[in-house]
Every structure is written in C-alpha cells, then in structure tokens.
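Engineer: What would the 3D arrangement of this be:
(one chain, ligands or ions: 3)
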Amino acid sequence: MPLVPMRALLDHAAENGYGVAAFNVNNMEQIQAIMAAAVKTESPVIIQASRGARSYSQDNYLRHLMLAAAELHPQIPLAMHLDHGNSPATCFSAIEQGFTSVMMDGSLQEDGKTPSSFEHNVKVTKEVVERAHAAGVTVEGEIGCLGGVEDGHGAGGDPMAHLTDPAQAEQFAAETGVDAVAVAIGTSHGAYKFKKKPTGEVLKMSIIAEIHRRLPETHLVMHGSSSVPKELIDIINAYGGKMPATFGVPVEEIQEGIRNGVRKINVDTDNRLAITGAIRKVFFEKPEEFDPRSYMKPAREAMQAVCEARMIAFGQAGFAPKVPKVSLEEMARRYHRLGR
Ligand code: G3H
Ligand code: 13P
Ligand code: ZN
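Structural biologist: Ligands and ions are numbered 1, 2, ... in the order given. The predicted structure follows:
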C-alpha cells in the first residue's frame, strides 16, 4: 500500500473510538522498530519526522526508508507526517518530498520558541491547508503552546503559561479548515515534564473534554505524550546513565483523552529512553563489543516493545486490515467536494 494521508487514519480512529500513536524517527532502525510493532499488533501507524530529523537524515533518505517500509508491509496503513513545521515553506518542502501529512505549528513564530499571535497562526495554517488539501495531504495545526524548549518546540519553562483556550480552538478550526488540532494541556516535550505523578492541577485533561464538546468533528492531538516509564530510566541509570527522577503523561490519562476525541498521540522520548538504555546495557556488559549491530539490534527491539505497548494501549491494535484504503488523489477530491 502506498503511504496514505493521515486524515484517512484519523477518520477511521474517530469512527471506531481509538487513538493512533505518532512516533518520531531519525533513522532506519527506528522505522524498522515501528513497522515490526505495527505488523505484530496489526496496527495502522503514523511515522513522523521533525525539522531536526529531516536535517539529520536528509529528506531523500527518509523518503526512501518510508517507501521501503510501505513496500515491505503493504498490509499496514502508514502515514508520513512532518512534526512541528515552523513555516509554510517547511511544510511545502515536506509535501514535495512525499510526506502525506504536515503539521503547521503556527502557535510559535518561525524560531520555534516565541509564542505567535492568533492572527499569525490562522494566516500561516490557512495557507498550508489550501495547498496541502489540493494535494490530498493532511494538516495538523496547534493552538496554545507546549512548555519547555530543550527537546523540540515549546514556548519556554512553564507549560501552564499558554494552555489552549477552547473558544479559540473552535475559532481556529473554523477559520483554517485544519484536519487535526494539537492542544496544550500542561505537557512539554522531552523527559522532564512533571516532578511527580501529574494530577488535574498540572495536566488539564478537562481542556480536551471541553474542546471535544465544541469541536466534535475535529481530530485532537496530544503532544509531549511520552509516559517516561520509571523502568526505562532505571535501565539507563543502572548502566552508567545519570537521569534524575521524572514523570511523564500516564497512559491512563491518554486513554481518557482518546475517550474525548484525541486521535493522534505523539511519542518520541519513550523510544529515545528505550534505545539509550539498551545501548548502555551492551556497552556496560560487553565493553569489548564494537560492531554497531551488537547494540543497534537490542536498541531496535527495546523501541519495538515500547511501540507495541502504546499501540495496544491506544486501541489501534487490530485495526490495520480495516482502515479504508484512501489515496492522496481521492482525498484531494473529497476536500474539493467539501469546498475545503
Ligand atoms: O518536537 C519534538 C520531537 O520530540 C522531535 O524532537 O526536534 O529533537 O527531533 P527533535
Ligand atoms: P515526547 O517528548 O513526550 O515524546 O513528545 C513528542 C512530541 O510531542 C513530538 O512532537
Ligand atoms: Zn510536539
């Protein structure tokens, strides 16, 4: 099956009440880990690359790796998504490179850290929607800003400073015509999200419920949704790492989100932790090893285990054979018919 527009996956997820994990990748082993997990659990899946990933791997490598994944596993509906595009130009270059979905993150200015105005956000997102939809490509926007800047995009230290305003989310969706909206509910990218297990004081799941009430047809996206399992931190620390205690977004909170319209869940950090722990273990236990395969293989397996667990928890497992096969061309015709 060729790469599919992300919208096809999200529509099916909404119709059947499940969520789809969007895993970040930078290299072949990460793509292989995700595909192995998708095959094992029969899951549709979103693979995403950030601007950093695109410059690390180069678009041509990424594109061909993704096409290889689709060619090897035609039974898996697979969307290729740009994570946190910072400008229309970045989104357009991704579309040219074969991405079937893009995020125009206009909640921040082009520097990826300064919160932008609502007007700027609407303007750039709308511009991307017009061109992307003509090509059948899906668009995710963001309203409100995540916290932190160290690991990916974010508006600075305090994740509570720019929470999504549900009324603004409603206006944003209406004015831009985006397929999916990322919301800020107190999370940040990276490992250091919360100092203790989050309660409703710092993880505002209530915002999601309110946005879903106002926008029942719009797919909601949770960023910064790694759960940062203690077991993964413990492995890293057991083999020479130095990571302080930290907390992520509990899987049961994500499941609560899925019951309230969340259809895409971004996970990067958990896979980074799994890979790092597995590599550290080999280096620690077998210091004589120098063949990269001796540590990349366990790293790939560790990431696969995380992906499988998330696919099962988010409810996408088993749905791969059931997602309708929609091409980019068909999707473009649908947008045209709907006047969007
Ligand atoms: O946006 C956050 C993702 O974890 C991607 O991170 O920009 O370091 O590739 P990155
Ligand atoms: P994590 O850092 O929590 O994995 O979030 C990833 C993300 O939101 C990518 O856009
Ligand atoms: Zn993100």
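
Engineer: alpha carbons only for contacts and neighbour counts from here, please
Structural biologist: OK.

Engineer: okay, stretch 91-104 in CSV with CA atoms only?
Structural biologist: C-alpha atoms of stretch 91-104 as CSV (Å, rounded to 0.1, in the frame of the first residue of the first chain):
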residue,chain,number,x,y,z
CYS,A,91,5.5,22.3,5.1
PHE,A,92,5.6,22.7,1.3
SER,A,93,9.1,21.2,1.0
ALA,A,94,7.8,18.2,3.0
ILE,A,95,4.9,17.8,0.7
GLU,A,96,7.3,17.8,-2.3
GLN,A,97,9.3,15.2,-0.5
GLY,A,98,6.4,12.8,-0.2
PHE,A,99,5.1,13.5,3.3
THR,A,100,1.4,12.7,3.3
SER,A,101,0.7,14.9,6.3
VAL,A,102,2.2,18.1,7.7
MET,A,103,2.0,20.0,10.9
MET,A,104,2.0,23.7,10.6
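
Engineer: what about dumping the CA coordinates of the helix or strand containing Arg131 to CSV?
Structural biologist: Using DSSP states H and E, the element containing Arg131 is helix 118-134. Written as CSV, here are the backbone C-alpha positions of helix 118-134 (Å, rounded to 0.1, in the frame of the first residue of the first chain):
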residue,chain,number,x,y,z
PHE,A,118,-3.6,34.1,16.9
GLU,A,119,-3.8,36.1,13.6
HIS,A,120,-0.3,34.8,12.6
ASN,A,121,-1.3,31.3,13.4
VAL,A,122,-4.5,31.4,11.4
LYS,A,123,-2.8,33.0,8.4
VAL,A,124,0.1,30.5,8.1
THR,A,125,-2.1,27.5,8.9
LYS,A,126,-4.7,28.5,6.3
GLU,A,127,-2.1,29.0,3.7
VAL,A,128,-0.8,25.5,4.3
VAL,A,129,-4.3,24.0,4.4
GLU,A,130,-5.1,25.4,1.0
ARG,A,131,-2.1,24.0,-0.8
ALA,A,132,-1.9,20.7,1.2
HIS,A,133,-5.6,19.8,0.7
ALA,A,134,-5.3,20.4,-3.1
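
Engineer: residues in contact with it?
Structural biologist: Contact partners of helix 118-134, identified using C-alpha atoms under 8 Å, 6 or more residues apart in numbering, comprise 87-88, 91-92, 95, 104-108, 138-139, 141, 143, 172, 175-178, 331-332, 335-336, 340.

Engineer: And stretch 307-316, by the same measure?
Structural biologist: By C-alpha under 8 Å, 6+ apart, stretch 307-316 touches 13, 18-21, 33-34, 37-38, 40-41, 43-44, 251, 254-255, 258, 271, 317.

Engineer: List the buried residues in that stretch.
Structural biologist: Going by neighbour count (16 or more other C-alpha atoms under 10 Å), the buried part of stretch 307-316 is 307-308, 310-316.

Engineer: again, but for stretch 57-69
Structural biologist: Residues of stretch 57-69 classed as buried by neighbour count (16+ other C-alpha under 10 Å): 57, 59, 62-63, 65-67, 69.

Engineer: how about CSV for these, with distance to ligand 1, secondary structure and pLDDT added?
Structural biologist: As requested, the buried residues of stretch 57-69 are exported to CSV (distance: C-alpha to the nearest ligand atom, whole Å; DSSP: H, G, I helix; E, B strand; the rest coil; pLDDT from 0 to 100):
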residue, distance to ligand 1, secondary structure, pLDDT
Ser57, 11, helix, 97
Asp59, 14, helix, 96
Leu62, 13, helix, 97
Arg63, 16, helix, 97
Leu65, 17, helix, 98
Met66, 17, helix, 98
Leu67, 20, helix, 97
Ala69, 20, helix, 98
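
Engineer: Make a markdown table from the residues you listed and add distance to Ile233 to it.
Structural biologist: As requested, the buried residues of stretch 57-69 are exported to a markdown table (distance: C-alpha to C-alpha, whole Å):
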| residue | distance to Ile233 |
| --- | --- |
| Ser57 | 27 |
| Asp59 | 31 |
| Leu62 | 29 |
| Arg63 | 32 |
| Leu65 | 29 |
| Met66 | 30 |
| Leu67 | 33 |
| Ala69 | 30 |
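
Engineer: Which secondary structure element is home to the most centrally placed residue in the chain?
Structural biologist: Nearest to the geometric centre of the chain sits Asn266, at 3.0 Å (C-alpha atoms, centre = their mean). For Asn266, the host element (DSSP H and E) is strand 262-267.

Engineer: Ligand 2 versus Leu273, what's the distance?
Structural biologist: Using C-alpha to the nearest ligand atom, to the nearest Å, one gets 10 Å for the distance from Leu273 to ligand 2.

Engineer: Please disregard the earlier target; I meant Met35.
Structural biologist: Met35 sits 18 Å away from ligand 2, going by C-alpha to the nearest ligand atom.

Engineer: excluding its backbone neighbours, what's nearest that residue?
Structural biologist: The shortest distance from Met35 to any non-neighbouring residue, by C-alpha to C-alpha, 6 or more residues apart in numbering, is to Ala69 (6.9 Å).

Engineer: Cheers, nothing more for now.
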